[in-house]
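> What follows is a predicted structure for the sequence shown.
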Amino acid sequence: MAKVVNRLHPDFATQSYVIEVFKGVALTTRQFARNLFARKDIVTVQYPDDRRPYTPRFRGKHRLMLRDDKSVRCVACMLCATACPANCITILAKEVDDPTIEKAPSSFDIDLLKCIYCGFCEEACPCDAIRLDSGVHTIPSYTRRDQKAGVINLMSLGSVSIASQGGEHRAHSHEGTAHGRSSGH
Amino acid sequence: MHLVDNVLLNIVLMTLIKFAGFVLAFVMGTATVLTWAERKYSALLQNRIGPNRANIGSIRAGGLLHMLADPIKMLTKEDFVPNTPNPILFRLAPLMAFVPALVVFAVIPFGPGETFQISNTSLGILFIFAISSLNVYGAVIGAWASNNKWSLIGGLRISAQMISYEVAIGLSLCGIFMIYGSLDLQDIATRQGELLWGFIPAWGIVYQPVAFVLYLTCAIAENKRAPFDVGEAEAELTAGWWTEYSAMGFAVFALSEFIEIVLIGCVGTTLFLGGWTIPGLHGDAWWIVVLEIGGFLFKSLFLVWLQMTLRWTLPRFRYDQIMRLGWRIMLPIALLNLVVTGIVLTFIERA
């Protein structure tokens, strides 16, 4: 159906613009007076002093979560590296002595310049090992090399995850999956 | 007033004192404050905070120190000259805009009598028109010398706009000359101190309300400020005619714009708001003179405030709208106002 457009037919007084201008002046002056004496309308955030909090869904710098014994939860399954559309994750695996754990990363590098912060890696992760909920905004640096975050760097942001993982706990694994963000802030 | 016996020396000395007191202290002072006030005022209108970071130690004074910080910044920035065939004109243009804006204050009467007017000439308002029209050269030559197409388009718009409104502003003020029968600003101001029918002040705005609206509109258009700032038009022309100006060249342009705001306020006060006169207050006592000068400054500042508020209230007109407003609305109304004033004056003289 065609949309009905309501054309305005301003009378002569409106079209002459003189009265309307002074109405506008009255409006802006009133707003000026309000803001001069009370600050509740002002929307400015004084950035370095006050920071607007990020939403809980903000995807910031990655972090690698830890087991109870502070070792890294990652089992080097490569699912995140496979899911990554930007190919920014490089994992090298190594053997672990513990028979309940399949592998562990010998190195886990994320090129923060390539990363598009899409969050596919944390969705792909079966172990709740990688998360983007650190709340850290990407930090600028002077060299490209500084933008490569290694395993130690990523673990330093991490914390112990309560999600169960592998082996005999497998029966409870539905309790906390990769989406559980309740822990670790 | 006689400070020394030598006549010539006396004139020079008195002129210098008046210049320092009126132009340097009031006009330049107001213009300097305006550089801060415009940003702060517009911020508060728009629910922002505005400049407040300049500080000495922990003293911020609500951003007032930006008045000090800006010149320091402007003087230490790179003074960029574009690749232009006219570098001399490029350097000269800011001065050509700045000097006429300041010179005009020579004929403004800011108090009663010759003592409070730098140059008492019977030309008065004609002098103001003649000199302030030179302003357009600064902008247009600056735009031309920038060797930049945005600047050139902005300069062309400004030249067309300023010359168009020059006609309407001149005609709108003719009614005032007819009523007071003088071009001398001191004369016009004194005549406005009388009372009409014993209680209404005989101000220009009472006799010529239409002319006042015309004057204010055309004056803002001539000063190429919003809503008539198509020469700058940052949405389409980068920064228009002053795109290539940086550092002190830009500052001088900006300052001359603020000085012209004060000028429009002073001329408007003198012609329409009774000048320095205060209704019902006559005499030579020193406190009356002080009150009268204070009244003049207050009325001028009121018009300055009005211009600022208009600038931050109204959206920018399109270029063709400006030309249509100037030629097809302002000019006929000014002419009609002139005719009606003439007819009424004739009837009053016959009666």
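Now that the structure is in, tell me what you want to look at.

> Strands along the stretch 251-351 of chain B, start to end?
Counting by DSSP state E, counting those that start in this stretch, the stretch 251-351 of chain B has no strands at all.

> Spell out the residue ranges of the strands in the chain.
Using chain A here. A:63-64, A:89-94, A:104-111, A:130-131, A:148-149 (DSSP state E).

> Please refer instead to chain B.
Going by DSSP E, chain B shows strands at B:195-196, B:200-201.

> Of these, which stretch is the most buried?
Among the strands of chain B, strand B:200-201 has the highest mean neighbour count (mean count of other C-beta atoms under 10 Å in any protein chain shown), at a mean of 14. Using the backbone N, CA and C atoms, a C-beta is placed for each residue, glycine as well.

> could the strands of chain A go into JSON lines alongside mean pLDDT?
Listed next are the strands of chain A as JSON lines, based on pLDDT from 0 to 100:
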{"stretch": "strand A:63-64", "mean pLDDT": "85"}
{"stretch": "strand A:89-94", "mean pLDDT": "89"}
{"stretch": "strand A:104-111", "mean pLDDT": "87"}
{"stretch": "strand A:130-131", "mean pLDDT": "87"}
{"stretch": "strand A:148-149", "mean pLDDT": "78"}
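
> tell me the most buried of the ones you listed?
strand A:130-131 (a mean of 26).

> Sheet partners, orientation included, of that one?
strand A:63-64 (antiparallel) (DSSP bridges).

> if we can go back for a sec, so for residue A:53, which of the strands of chain B sits nearest?
strand B:200-201 (58.3 Å; C-beta to C-beta).

> if we look at the longest helix seen in chain A, which residues are touching it?
Criterion DSSP state H: the longest helix present in chain A is helix A:18-37. Helix A:18-37 is touched from outside by A:13-14, A:41-42, B:41, B:44-45, B:47, B:213, B:306, B:309-310, B:312-314, with contacts defined as C-beta atoms under 8 Å, 6 or more residues apart in numbering or on different chains.

> Also stretch A:50-58?
Contacts of stretch A:50-58 (C-beta under 8 Å, 6+ apart): A:45, A:60, A:133, A:135, A:181.

> low-confidence ranges in chain B?
B:1-4, B:198 (pLDDT under 70).

> How about the residues of the stretch 151-300 of chain B by chain A?
Proximity of the stretch 151-300 of chain B to chain A is confined to residue B:213 under the rule C-beta under 8 Å from any C-beta of the partner chain.

> Which residue ranges of the stretch 151-300 of chain B form helices?
In the stretch 151-300 of chain B, the segments counted as helices under DSSP state H, counting those that start in this stretch are B:185-191, B:204-207, B:209-222, B:234-237, B:247-272, B:286-313.

> before we move on, back to that, is it possible to get a markdown table of the strands of chain B that adds distance to residue B:30?
Formatted as a markdown table, the strands of chain B follow (distance: least, C-beta to C-beta, whole Å):
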| stretch | distance to residue B:30 |
| --- | --- |
| strand B:195-196 | 30 |
| strand B:200-201 | 25 |
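
> These: which one's closest to residue A:76?
Using C-beta to C-beta, the strands of chain B put strand B:200-201 closest to residue A:76, at 90.3 Å.

> Show me what the closest one is in contact with.
B:192-193, B:195, B:206, B:274, B:277, B:279.

> May I have the strands that pair with it, each with its orientation?
Paired with strand B:200-201 in the same sheet, following DSSP bridges, are strand B:195-196 (antiparallel).

> Check the offset of the partner strand from the chain's centre.
28 Å (C-alpha atoms, centre = their mean, to the nearest Å).

> With stretch A:25-33 instead?
40 Å.

> Now do residue B:312 against residue B:229, distance only.
12 Å (C-beta to C-beta, to the nearest Å).

> So between these two, which is more surrounded?
residue B:229 (23 against 19; other C-beta atoms under 10 Å in any protein chain shown).

> ok, how many other residues are close to the residue nearest to the more buried one when sequence neighbours are not counted?
Nearest non-adjacent residue to residue B:229, counting by C-beta to C-beta, 6 or more residues apart in numbering or on different chains: residue B:316, 6.2 Å away. Residues lying near residue B:316 (other C-beta under 10 Å) number 17.

> quick one: the residue most central in space within chain A from chain B, how far?
For chain A, the residue nearest the mean C-alpha position is residue A:59 (1.3 Å; C-alpha atoms, centre = their mean). Plainly put, residue A:59 is 30 Å away from chain B if you go by C-beta to the nearest C-beta, to the nearest Å.

> show me what contacts residue B:97?
B:135, B:137-139, B:142, B:252-253, B:256.

> State the pair within the residues you listed that is farthest apart.
Top of the distance list for the contacts of residue B:97 (C-beta to C-beta): B:137 and B:252, 14.4 Å.

> from the stretch 201-350 of chain B, which residue is nearest to chain A?
When scored by C-beta to the nearest C-beta, the stretch 201-350 of chain B has residue B:313 as its residue closest to chain A, at 4.3 Å.

> can you pull the contacts of that residue?
Going by C-beta under 8 Å, 6+ apart, residue B:313 touches A:21, A:24-25, A:27-28.

> Likewise for residue B:35?
With C-beta under 8 Å, 6+ apart, residue B:35 has these contacts: B:66-67, B:70, B:254-255, B:258.

> Same question for residue B:91.
B:81, B:249.

> Check residue A:116 and give its pLDDT.
Predicted confidence (pLDDT) for residue A:116: 90.

> give me the number of residues near it?
Residue A:116 has 11 neighbouring residues, counting by other C-beta under 10 Å.

> ditto for residue A:122
Residue A:122 has 22 nearby residues by other C-beta under 10 Å.

> Surely it is in contact with residue A:134?
No. Residue A:122 is beyond contact range of residue A:134, at 11.2 Å (criterion: C-beta atoms under 8 Å).

> Quick one: name the residues of chain A near chain B.
A:18, A:21, A:24-25, A:27-29, A:31-32, A:35-36, A:41-44, A:46.

> Any figure for the gap between residue A:55 and residue B:180?
67 Å.

> Equivalent analysis for residue B:9, please.
35 Å.

> quick one, which of the two is more surrounded?
Per other C-beta under 10 Å, whichever of residue B:9 and residue B:180 has more neighbours is residue B:180, with 19 against 11.

> Could you pull up the contacting residues of the more buried one?
Here residue B:180 is in contact with B:187-188, B:191-192, B:204 (C-beta under 8 Å, 6+ apart).

> Let's have the residues you listed in JSON lines, adding neighbour count.
What follows is those, written out as JSON lines (neighbours: other C-beta atoms under 10 Å in any protein chain shown):
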{"residue": "B:187", "neighbour count": "16"}
{"residue": "B:188", "neighbour count": "24"}
{"residue": "B:191", "neighbour count": "19"}
{"residue": "B:192", "neighbour count": "26"}
{"residue": "B:204", "neighbour count": "27"}
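
> now those residues in a markdown table, with distance to residue B:79?
Formatted as a markdown table, these follow (distance: C-beta to C-beta, whole Å):
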| residue | distance to residue B:79 |
| --- | --- |
| B:187 | 45 |
| B:188 | 43 |
| B:191 | 48 |
| B:192 | 46 |
| B:204 | 44 |
